[in-house]
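In: Return atomic coordinates for the entry below.
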Amino acid sequence: MKVMFFTLLLGLATPLFSVFAGSSSANQLQVMDDGILALNQRLELIKKAKKSIEVEYFIYSIDPVGRIFTQALLDKAREGVKVRVLVDKSAPVFELKPFYVLGMKNSLPEDKRENIEVKYFNPTMILQFYSTQFRNHRKLLVIDDEFAVTGGRNIADEYFDLNPEYNFLDRDVLLTGPLAKEMRETFDLFWDAKYAKDAKLPKEPKLSDFHCNHADRSCNGATKKQKFRMAMRRYEKNLNKGLDYVTPNADDAVLLDGIQREGERLNKGSQEVTCNETYFYTDTPGKKSRNQLLKNEIAKLIAETNEKIVVESPYFVLYSKTHNEMTELLDKKVKLTVLTNSLYSTDAVYVAAVFNAMAATYVQEGMQAYIYRGKSPIEWGGVSEEAHEGIWGIHSKSATFDDKHTFIGTYNVDPRSRNLNFEMGIVCKNNPELAKLVTSHIQKRIDGAVKLNNKGKPEDGSKLLFDTSFGKKALYWGLMIPSHIFKFLL
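Out: Coordinates of the predicted model:
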């Protein structure tokens, strides 16, 4: 019997996939809900690196977090550590452009420049609509095959409680143990895939690059020199941007100091759990359904659940097939609790348009649905008061099953994660301690959310579109119909 709502069919894992996800091992797991803790732990892990660092993200921003993270990587490259960075080249979010990579290279001594390599995943032209949909949504940092971090966070201020306007409540897991090597092997799989291309570094213009068109009689030596000088000015301006990005300044030092102090404080109160049955699951690079493998493992967890599932997902989009499978789950009397975003707290208005239209049906069928109010968490440990006062949205991709199994990864409850994106995640089985910890973390966020009734409205009597600006509401209503038509892409 099919009992799932994240996926269609269980399917069969390929032999390649079994290499990466066929066995469990004992590993230490640290759950990181606080952004400053998660950032400081990344920076501390990078400092520990002796041989290799693998970095793989969907978003890699050119902002204060991107600056200090990149500078930390370059410090290790100067010491001789091999650093590889794989960034998705999705046009709407891509920022780590070739001039920044050139700045990274040029900031190193000439004999150390090969210690850092950067590739772009799926640099397809935006006009190739079908091909551009396959994005590498994985998020991974691996150090010396001994430590690995995955979860919902990308490299940008808003994932680490540092954006003055909007921040994500997210969740990562720091893994210490033998599974880190397996996770690095899957990095190699994506690094070596045909979709991963070397970042082509800009070349300094030369006068000989400029020629006159024979049909243009006004072109002469002076014209060529003028074009050359203009090209050089553009080149130097962009190169200086790249070099500035990787050059530490006073603001970077102040930020680093605050992150370190607050990160160390938060780490003292953080809990590490030994999981004797830790599994790592990933999709594989390719445009066939057989490459989308993580959904199969999530489906198995759901099928084996008898009592309750607690889900935290920023985007919750079901279509007819997955909706039917969810109702089958509820018919089994499995208690399903879902925490997602309100219109006010979301960064994806189109998703809120779909979820809000269906919320009444979901609740009537038995789901307990909560939407986040958008306020900073009560137990907040940030270093920016401006961020504290901004809007906060759910971004964690986590679930617990029967209070004993736990999933933390990059997979959203939507068609894009299921059919188009390449995703990954950690599963800890038969560990009530970790499941209780993650469930309690989700519950704290539920305390900052509002429960929906069987009419899809807040139980407390507030309006569904509470606190939302007029402009965002107008966009919401304008996207209502298109979002439903194209929800297979959401």
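
In: which ones are touching the closest residue in space to Asn154 that isn't next to it in sequence?
Out: Here the nearest residue to Asn154 in space, its sequence neighbours aside, is Ile59; by CB to CB, 6 or more residues apart in numbering that works out to 3.6 Å. Every C-beta, even on glycine, is put in place using the N, C-alpha and C of the backbone. By CB atoms under 8 Å, 6 or more residues apart in numbering, the contact set of Ile59 is Asp88, Val93, Glu95, Asn154, Ile155, Ala156.

In: Recalculate using a threshold of 7 Å.
Out: Ile59 makes contact with Val93, Asn154, Ile155, Ala156 under the criterion CB atoms under 7 Å, 6 or more residues apart in numbering.

In: And the helices in the stretch 201-350 of the chain?
Out: 221-246, 250-268, 294-303, 320-331, 349-364 (DSSP state H, counting those that start in this stretch).

In: hmm, I was thinking of the stretch 351-490 of the chain
Out: For the stretch 351-490 of the chain, the helices defined by DSSP H, counting those that start in this stretch occupy 385-389, 415, 432-446, 470-485.

In: Distance to Gln133 and mean neighbour count added to the ones you listed, as a markdown table?
Out: Listed next are the helices of the stretch 351-490 of the chain as a markdown table, based on distance: least, CB to CB, whole Å; neighbours: other CB atoms under 10 Å:
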| stretch | distance to Gln133 | mean neighbour count |
| --- | --- | --- |
| helix 385-389 | 32 | 14 |
| helix 415 | 11 | 20 |
| helix 432-446 | 30 | 18 |
| helix 470-485 | 16 | 14 |
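
In: among these, which is nearest Val338?
Out: Nearest to Val338, of all those, is helix 432-446, at 9.9 Å by CB to CB.

In: Could you point out the helix or strand that follows the helix or strand of the chain with the lowest mean pLDDT?
Out: Lowest by mean pLDDT, DSSP states H and E among the helices and strands of the chain is helix 15-21, with a mean of 42. Once the chain leaves helix 15-21, the next helix or strand it forms, by DSSP states H and E, is strand 25-32.

In: Tell me what angle the helix or strand just after that next one forms with strand 25-32.
Out: Next helix or strand after strand 25-32 toward the C-terminus (DSSP H and E): helix 35-48. If you take axes from the mean of the first three to the mean of the last three CA atoms, to 10 degrees, helix 35-48 sits at 130 degrees to strand 25-32.

In: Can you point out the buried residues in the very next helix or strand once past helix 35-48?
Out: Where DSSP H and E defines the elements, the next helix or strand beyond helix 35-48 is strand 52-57. Buried positions in strand 52-57, judged by neighbour count with 16 or more other CB atoms under 10 Å: Ile53, Glu54, Val55, Glu56, Tyr57.

In: Strand 52-57 - contacts with which helices or strands?
Out: helix 64-78, strand 82-88, strand 140-143, helix 179-191 (3 or more CB pairs under 7 Å, 6 or more residues apart in numbering; DSSP states H and E).

In: residues in contact with that strand?
Out: By CB under 7 Å, 6+ apart, strand 52-57 touches 46, 73, 76, 81-87, 138-144, 154-155, 184, 187, 190.

In: Looking at the contacts of Ile59, spot the one nearest Leu479.
Out: Val93 (18.9 Å).

In: OK, contacts around the closest one?
Out: Neighbouring residues of Val93 by CB under 7 Å, 6+ apart: Ile59.

In: change the start of the numbering to 6 and stick with it
Out: Taking 6 as the first residue, the last one we looked at is Val98.

In: helix, strand or coil for it?
Out: With DSSP: H, G, I helix; E, B strand; the rest coil as the basis, Val98 sits in coil.

In: re earlier: between the helices of the stretch 356-495 of the chain, which one is closest to Pro463.
Out: Among these, helix 437-451 comes nearest to Pro463, with 13.4 Å by CB to CB.

In: Which neighbouring elements make contact with the closest one?
Out: With 3+ CB pairs under 7 Å, 6+ apart as the test, helix 437-451 has strand 30-37, strand 277-287, strand 313-317, strand 340-346, strand 403-406, strand 410-414 packed against it.

In: show me what contacts Leu442?
Out: Contacts for Leu442 (CB under 7 Å, 6+ apart) come out as Val36, Gln276, Val278.

In: now, which of those sits nearest Asn426?
Out: Nearest to Asn426, judged by CB to CB, of those is Val36 at 23.0 Å.

In: pLDDT at the closest one, what is it?
Out: For Val36, the model assigns a pLDDT of 98.

In: what bits of this structure have low per-residue confidence?
Out: Judged by pLDDT under 70, the chain has its weakly predicted residues at 6-28, 130-133, 135, 218-226, 383-386.

In: Show me how it divides into domains.
Out: Domain assignment for the chain, taken from automatic domain parsing, gives 33-208+248-272, 278-494.

In: of all those, which lies closest to Thr228?
Out: Here domain 33-208+248-272 is closest among the domains of the chain (CB to CB), at 21.5 Å.

In: hmm, back to that, for the helices of the stretch 206-355 of the chain, which one sits closest to Phe215?
Out: That would be helix 226-251 among those, by CB to CB, at 4.4 Å.

In: Quick check: buried residues in that closest one?
Out: Those would be Lys229, Lys232, Phe233, Ala236, Tyr240, Asn243, Leu244, Gly247, Leu248, Tyr250, Val251, for helix 226-251 by 16+ other CB under 10 Å.

In: burial of the closest residue to Thr137 other than its chain neighbours, as a residue count?
Out: Excluding its sequence neighbours, the residue lying closest to Thr137 (CB to CB, 6+ apart) is Thr129, at 5.0 Å. For Thr129, the neighbour count with other CB atoms under 10 Å is 19.

In: cool, Pro183 as well?
Out: When neighbours are defined as other CB under 10 Å, Pro183 has 14 of them.

In: Do I have it right that Asn458 meets Gln369?
Out: No: in this structure Asn458 lies outside contact range of Gln369 using CB atoms under 7 Å: 9.5 Å.

In: From the neighbour counts alone, determine which of these two ranks first.
Out: Ranked by neighbour count (other CB under 10 Å), Asn458 and Gln369 place Asn458 first, with 15 against 12.

In: mind listing what the more buried one touches?
Out: Val368, Glu464.

In: how much space between it and Ala357?
Out: From Asn458 across to Ala357, the span is 18 Å (CB to CB, to the nearest Å).

In: Check Ala374 too.
Out: For Ala374, the distance to Ala357 - CB to CB - is 13 Å.

In: What of Asp288?
Out: Relative to Ala357, and taking CB to CB, Asp288 is found at 26 Å.

In: more crowded one of those two?
Out: Counted by other CB under 10 Å, Asp288 and Ala357 do not tie: Ala357 has more neighbours, with 30 against 27.

In: I'd say that one and Thr351 touch.
Out: Yes: using CB under 7 Å, Ala357 is in contact with Thr351, at 4.9 Å.

In: For Thr415, find the nearest of the helices of the stretch 206-355 of the chain.
Out: That would be helix 299-308 among the helices of the stretch 206-355 of the chain, by CB to CB, at 8.6 Å.

In: check contacts around Asp257.
Out: Residues near Asp257 by CB under 7 Å, 6+ apart: Arg72, Ile73, Gln76.

In: swap the cut-off to 10 Å and go again
Out: By CB atoms under 10 Å, 6 or more residues apart in numbering, the residues touching Asp257 are Pro69, Arg72, Ile73, Gln76.

In: Restricted to buried residues, select those in PyMOL.
Out: Only the buried entries of the contacts of Asp257 go into this PyMOL selection, using 16+ other CB under 10 Å:
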select buried, resi 69+72+73+76
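
In: Need the contacts of Asp257 in a markdown table (columns: distance to Gly483).
Out: Shown next, in a markdown table, are those (distance: CB to CB, whole Å):
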| residue | distance to Gly483 |
| --- | --- |
| Pro69 | 34 |
| Arg72 | 36 |
| Ile73 | 39 |
| Gln76 | 42 |
